[in-house]
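In: Predicted structure and sequence below. I'll ask about it afterward.
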Amino acid sequence: MSPGDPMPDPSDLLEWYDRHARDLPWRVPPAARKAGVAPDPYRVWLSEIMLQQTTVAAVRDYFLKFTARWPTVTDLARAEDADVMAAWAGLGYYARARNLLKCARTVASEHQGRFPTDHATLLTLPGVGPYTAAAISAIAFDRPETVVDGNVERVMARLHDEHQPLPQSKPVLTRYAEALTPDTRPGDYAQAVMDLGATICTPRSPACGLCPWRSDCAAWDAGTAAELPKKSPKKRKPTRFGIAYLARRVDGAWLLERRPERGLLGGMLGWPGSDWGDAPFEAPPIRAEWKALPEDARHTFTHFHLRLSLRTALVPMDRTPERGEFIPAEAFSPDDLPTLMRKAHALASKG
DNA sequence: GACTCGTGGGC
DNA sequence: TGCCCAAGAGT
C-alpha cells in the first residue's frame, strides 16, 4: 500500500448491499441482521463448504436438501457415511463431503456441538482453510476477518489496477482487502464484497455503471477493468481412456463398488473397471457374457478428458462377483452416483 | 508453488 | 466444440 492508492469507502458498499443483497437460503438479510437476527453457524459453515469452487445455482438445492435432512451439526455428525456421500453426489469435489462429516463429528465431540468463533481454531477443522475460516468467523460471528475468494481477488485487482497475474498477486490483493475490512458490520461487508463481485464486478463485461465503488476504481479510470485480473496461462487437458463394467443381475440388482477414500471420486459408488490412462485393461468383475456398448461415456474433469468404454452383461442369480457387490434395484438410484457414473448408467439403460 | 480434485453454465 | 469460470482445500 502506498499513498495515493485508491481508498474506497466500505460504507458505500454496505449501503449498496442494504439495497441489493441477493436473497440466498443460507443468508440472514441485512435488515434482519440489523434487527438482531444472528445467523446459524451450522448453516453458514455448510453453505461455505458447498460454495467452494461451486456456483450458487448448483448449491441451492443441495443446501436445502441437507438442512432438511440434517437440521443441526449433531444430526449430521450422527449420519451414515454412505448417506452423506449419496446426498452429495453430483455436486463434485467429493473430498469436501468426506471432510464435511469429519468436521461435523469433530465439532460434535470436541466442541460440544458449537462451532469455534475465532479464525485460528476454525482453521484446525477438516475442510476449513483460510477463506472458509474467515467467512465463518465474519458471517456467523460478525468478526472483522477478511475473506479473500475469487470475487475479492477480482474486485481488489480492479480497484488497484493490478496487472501482475494470479496467483503471484494473491498476497498483495489480500493486503488490499485487509486494509478495507471495516469494524462495523464486518459480516455484511464480507458478503457485500462477494455479492459485488458476483453481480457487478463480474469476470466478463462488468457493470461498472452500477458500481458503488466506480469513482474509487483505478481500473475504471484506466479502462482496464474487463481484462483484470490477469491469470497465468493454463495447460490444456490430455485425454485418458478407461473401461467400466455395468452388470445387472436378473433380479434387477446392479454391481457397484465403493471407490477408495483417496483420489478422484474418492469414497463414492461407481462401476467396477480399469484405471484411467493411455491403454487401459481390466478383467471383468464377474463371469458373464459381456457386450460392448457402441457409445463411450464422455466426461471432463478438472485436468483431463475421459472416454469411458462401457461393457454390459445380464448375470444369473447364483454367481459371485470378484469385485464390488450387488445393490438391489429398490436400494439403487443413479442420483446416488457421481455424474460420470450416472452417464454410464444412462447409456447402459438406453442401449 | 505446483498438482489434484467435479460439475454445469455461459459464450 | 472448447475454454473459462465458480464463496478453495489438501498434499
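Out: Ah, there it is. Numbering: from 1, shown residues only, chains lettered A, B, ... in the order given.

In: Could you use CA atoms for every contact and neighbour count after this?
Out: Noted.

In: For the stretch 51-200 of chain A, what lies in contact range of DNA strand B?
Out: A:53-55, A:58, A:89-95, A:168 (C-alpha under 7 Å from any atom of the strand).

In: Of those residues, which are in range of DNA strand C?
Out: Among these, proximity to DNA strand C is found for A:53-55, A:93 (C-alpha under 7 Å from any atom of the strand).

In: hmm, back to that, out of the residues of the stretch 51-200 of chain A next to DNA strand B, which are buried?
Out: For those, a burial check counting by 16 or more other C-alpha atoms under 10 Å picks out A:89-95.

In: residues in the stretch 251-351 of chain A within reach of DNA strand C, list them.
Out: A:T302.

In: Low-confidence ranges, the stretch 251-351 of chain A, go.
Out: For the stretch 251-351 of chain A, the stretches with pLDDT under 70 are A:351.

In: Show me where it has its helices.
Out: With DSSP state H, counting those that start in this stretch as the criterion, the stretch 251-351 of chain A has helices at A:339-350.

In: Single out the residue in it that lies closest to DNA strand C.
Out: Ranking the residues of the stretch 251-351 of chain A by distance to DNA strand C (C-alpha to the nearest atom of the strand) places A:T302 first, at 6.8 Å.

In: Counting neighbours, which bits of stretch A:73-89 end up buried?
Out: Buried-residue list, stretch A:73-89, by 16+ other C-alpha under 10 Å: A:73-74, A:76-77, A:79, A:81, A:84-89.

In: longest helix of chain A?
Out: Secondary structure of chain A per DSSP state H: the longest helix is helix A:95-110.

In: List the contacts of that helix.
Out: A:46, A:49-50, A:73-74, A:76-78, A:81, A:84-85, A:88, A:113-115, A:125-127, A:266-267 (C-alpha atoms under 8 Å, 6 or more residues apart in numbering).

In: Next step: those restricted to helices.
Out: Counting by DSSP H, the part of the contacts of helix A:95-110 found in helices is A:46, A:49-50, A:73-74, A:76-77, A:81, A:84-85, A:88.

In: any chance of these in TSV, with distance to A:R19 and pLDDT too?
Out: Output for those, formatted as TSV (distance: C-alpha to C-alpha, whole Å; pLDDT from 0 to 100):
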residue	distance to A:R19	pLDDT
A:L46	26	98
A:I49	27	98
A:M50	26	98
A:V73	32	98
A:T74	36	98
A:L76	35	98
A:A77	37	98
A:D81	41	98
A:V84	37	98
A:M85	38	98
A:W88	33	98
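
In: how's chain A carved up into domains?
Out: What automatic domain parsing lists as the domains of chain A is A:10-227, A:239-350.

In: does A:R27 count as helix, strand or coil?
Out: Per DSSP: H, G, I helix; E, B strand; the rest coil, the secondary structure class of A:R27 is coil.

In: What separation do you get for it and A:Y189?
Out: Taking C-alpha to C-alpha, to the nearest Å as the measure, A:R27 falls 13 Å from A:Y189.

In: more neighbours, these two?
Out: When neighbours are counted by other C-alpha atoms under 10 Å, A:R27 and A:Y189 differ, and A:Y189 comes out ahead with 28 against 20.

In: The more buried one contacts A:L13, doesn't it?
Out: Yes. A:Y189 lies in contact with A:L13 (C-alpha atoms under 8 Å); the separation is 7.4 Å.

In: Now do A:H160, the pLDDT please.
Out: Among the per-residue scores, A:H160 shows a pLDDT of 97.

In: count of neighbours near it?
Out: A:H160, neighbours per other C-alpha under 10 Å, totals 19.

In: Narrow the residues of the stretch 51-200 of chain A next to DNA strand B to those in helices?
Out: Per DSSP H, these map to helices at A:58, A:95.
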